[in-house]
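1. Below is the structure, and that's it, no one-letter string:
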C-alpha cells in the first residue's frame, strides 16, 4: 500500500513508501556524551541500543532508554561480539549465548521503563559476517527467534537476508544506507569508504522513494528491496543528513508500516 506525501521542497505531489529510519545509541560509556547521538533521536523512528558488549554501560543505557521513552521511540537491541574479541571464531552454542545474553539484558532494562524491544540489529564484525556467511546468519537468526518469534531481524538488503526469511520464516527488515557505495548486485562495496555528501545522499533517498533504485559503482541504477535506512552517527554531517531526510519523509517504524500495508490502518 502506498501513501501520499509531499516533498517539502517541491510543489508536485508524488507517491512514496512509508519507510523506517534507524540509528545506533549508547555507543559510549561513562561520563562521555555523544552529542551527535542525542541530535539524531528526534529524526529517527527506530533506535538500536548497545547492550554493553561492544559498547555501552548501564548508566549510558539507562539515560538512552529514558530519552527514547520521553520521545516515544521504538527501540531494539544492538548486539555484537565482546569488545576486543571480534576476530574470534564462535561455534553455534557460543553465538546463541552471546545473542540471547544481550537481547535479554536490553529487554529487561527496557521493561523497567515500560518499553519493549521490537527488533535486533547487529554491530561491526558480527554484522559483516552475517551479511556474507549464510550459516553464521542462520545461527544468529535462530537465536533471535529463540528469544521471541516477534522480533524483527535487521539485516543488510541482499540474498542472505532474503534466504534467512525464507528458511526460518523470521520477521526481517532489509536495511540500506544513504552514504555507502553499492555494487551492481545491490550490495555494499566494503572496499570503498563511506561518503559524506549530504546532497548526494538526499538525491539517493528521493530516487529510492520514487523508484526503489539505488545508484551503483558502475554508474547505473539497481532495483533494491528495503524496509529501513540506517543513519550512522560518526560522520560530520550525520545530524544534517538525518534532518534533511526527515524533511523529505517522516519515517515510521517497520511494524507500523506493515500494519499499514496489511490494510488495517
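-> On my side now, so go ahead. These numbers come from a predicted model, not from an experiment.
2. can you pull out the helices in the chain?
-> Ranges of helices within the chain are 35-40, 58-70, 92-111, 124-132, 134-147, 159-168, 198-211, 238-248, 254-262, based on DSSP state H.
3. Relative to residue 224, which of those is closest?
-> Comparison of the helices of the chain against residue 224 by CB to CB identifies helix 198-211 as nearest, at 7.6 Å. Backbone N, C-alpha and C define where each C-beta goes, glycine included.
4. quick one: buried residues of stretch 144-158?
-> Residues of stretch 144-158 classed as buried: 144, 145, 147, 151, 152, 153, 154, 155, 156, 157, 158 (neighbour count, 16 or more other CB atoms under 10 Å).
5. Ok, stretch 126-137 next?
-> Quick answer for stretch 126-137 (16+ other CB under 10 Å): 126, 127, 128, 129, 130, 131, 136, 137.
6. and of those, the nearest to residue 193?
-> Nearest to residue 193, judged by CB to CB, of the buried residues of stretch 126-137 is residue 128 at 15.1 Å.
7. so how far is residue 184 from that closest one?
-> Distance of residue 128 to residue 184, computed by CB to CB, to the nearest Å: 20 Å.
8. what's the answer for residue 226, then?
-> The gap separating residue 226 from residue 184 is 17 Å, by CB to CB.
9. who has more neighbours, these two?
-> Neighbours were counted for residue 226 and for residue 184 using other CB atoms under 10 Å; residue 226 has more, 19 against 13.
10. The nearest residue to the more buried one once chain neighbours are set aside: how many residues sit nearby?
-> Leaving aside its sequence neighbours, residue 226 sits nearest to residue 176 (CB to CB, 6 or more residues apart in numbering; 4.4 Å). Using other CB under 10 Å, the number of residues around residue 176 comes to 23.
11. and residue 176, bridged to which residues?
-> Per DSSP bridges, the residues bridged to residue 176 are residue 229.
12. Contact partners for it?
-> Taking CB atoms under 8 Å, 6 or more residues apart in numbering, we find residue 176 in contact with 156, 157, 208, 214, 224, 226, 228, 229, 230.
13. from those, which two are the most distant?
-> Greatest spatial distance among the contacts of residue 176 (CB to CB): 156 and 208, at 15.0 Å.
14. Distance check, residue 18 against residue 214.
-> Remark: distance between residue 18 and residue 214 (CB to CB) = 18 Å.
15. Could you do residue 63 as well?
-> 35 Å.
16. How far does stretch 168-187 stretch from one end to the other?
-> 22 Å (CA to CA, to the nearest Å).
17. Take the buried residues of stretch 144-158 and write them to JSON lines, including distance to residue 24 and pLDDT.
-> Below are the buried residues of stretch 144-158 laid out as JSON lines (distance: CB to CB, whole Å; pLDDT from 0 to 100):
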{"residue": "144", "distance to residue 24": "17", "pLDDT": "98"}
{"residue": "145", "distance to residue 24": "23", "pLDDT": "97"}
{"residue": "147", "distance to residue 24": "20", "pLDDT": "97"}
{"residue": "151", "distance to residue 24": "17", "pLDDT": "97"}
{"residue": "152", "distance to residue 24": "16", "pLDDT": "97"}
{"residue": "153", "distance to residue 24": "16", "pLDDT": "98"}
{"residue": "154", "distance to residue 24": "11", "pLDDT": "98"}
{"residue": "155", "distance to residue 24": "15", "pLDDT": "96"}
{"residue": "156", "distance to residue 24": "15", "pLDDT": "96"}
{"residue": "157", "distance to residue 24": "18", "pLDDT": "96"}
{"residue": "158", "distance to residue 24": "20", "pLDDT": "93"}
